[in-house]
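**Student:** Fold the following for me, if possible:
(one chain, ligands or ions: 1)
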Amino acid sequence: MRQRPALTPAVCVAAPVAFALAHIGPAATWLPGFRRRAFPGLTGQGRPGHVALTFDDGPDPASTPRFLDVLDDLGVRATFFLLGENVVRHPATAREPARRGHELAVHGWAHDRPWLPSPARDARELLRAVHAVGEAAGRAPLWYRPPYGILTSGRWAAAHRAGLRPVLWTAWGKDWRPDATPASVRATVAADLRGGGTILLHDTDHASAPGSWRSALGALPGIVRDCREAGLTVGPLGEHEVGRPDGRRAPASVR
Ligand SMILES: [Zn+2]
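**Tutor:** Predicted coordinates for the structure are as follows:
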């Protein structure tokens with residue numbers, strides 16, 4: 001009589017690990033170098049002479065209007081990735097960027113990390129956020145950027161079903177850090193800035209060190225100046241031609 005093979009500890013461990021990897025696997029696209037080469041559209045690579053400027057985590061009545069004023073002074077339009085829970089809490093602030101010609105996009109409902117897979121929750125929360133952002137914008141949003149750039153398979157599927165295109169970034173300012181300054185944010189962005197790139201900043205400290213938005217706000221004129229001096233125009237993702245095949249070949253370094 002044949003004996004059933006014993007279930008070894010290795011098998012017991014391997015199953016949940018494989019499950020976790022299947023869930024979090026697409027988050028590997030978070031790795032900037034790899035994802036830029038492998039997924040130019042996902043990273044926000046666009047037309048070579050253009051840089052997309054994006055802000056995450058708002059709206060926030062304490063800080064978002066300050067960014068809108070500076071952007072007006074600079075003559076720049078940008079894309080704001082909003083959180084659904086902030087949109088319903090501050091509906092007037094949420095509408096203001098759209099009223100002033102900026103593009104509204106979806107950052108999710110809340111700023112959470114997807115530790116456990118829950119495709120049904122992902123889909124439900126994303127649809128709530130799409131509805132809230134669409135109400136504020138007066139039009140259906142096109143873009144989705146998950147909190148922390150963690151694009152799990154569940155979030156990916158939910159975005160696809162909601163008609164959203166996932167877009168991450170190619171350059172960030174690390175403006176969320178407590179020790180960030182306008183100079184550090186400008187230099188950090190410049191280090192990774194190329195024509196066709198997408199810049200990530202935050203117009204609120206909602207998920208960052210308290211008051212950290214001031215470093216992004218202070219850096220903004222210098223960042224725009226750096227782009228312009230390199231011959232690059234700055235605008236929203238809607239004008240960026242995201243995923244354009246030759247966007248990844250743009251060599252123009254800002255510094
Ligand atoms: Zn965020």
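**Student:** Without its sequence neighbours, what residue ends up closest to the closest residue to the ion within the stretch 151-255 of the chain?
**Tutor:** Minimum separation of the stretch 151-255 of the chain from the ion (C-beta to the ion) falls at Ala207, amounting to 5.3 Å. For every residue, glycine as well, the C-beta is placed using N, CA and C. The spatial neighbour of Ala207 that comes closest, neighbours along the chain excluded (C-beta to C-beta, 6 or more residues apart in numbering), is His111 at 4.4 Å.
**Student:** From Pro147, how far out is Glu229?
**Tutor:** Here the criterion is C-beta to C-beta, to the nearest Å. By it, Glu229 lies 33 Å from Pro147.
**Student:** The two: who's more crowded?
**Tutor:** The residue with more neighbours, out of Glu229 and Pro147, is Pro147; 19 against 10, by other C-beta atoms under 10 Å.
**Student:** Count residues in the vicinity of Pro210, would you?
**Tutor:** One way to gauge burial is a neighbour count; for Pro210, by other C-beta under 10 Å, it gives 7.
**Student:** what about it, which SS state?
**Tutor:** coil (DSSP: H, G, I helix; E, B strand; the rest coil).
**Student:** what's near enough to touch it?
**Tutor:** With contact set as C-beta atoms under 8 Å, 6 or more residues apart in numbering, Pro210 has no partners.
**Student:** and it, backbone torsions?
**Tutor:** Here is the backbone geometry of Pro210 (degrees, to the nearest 10): phi -50, psi 130.
**Student:** Can you pull up the residues of this protein that come close to the ion?
**Tutor:** By C-beta under 5 Å from the ion, the residues of the chain that approach the ion are Asp56, Asp57, Pro147.
**Student:** Alright, that wraps it up for me.
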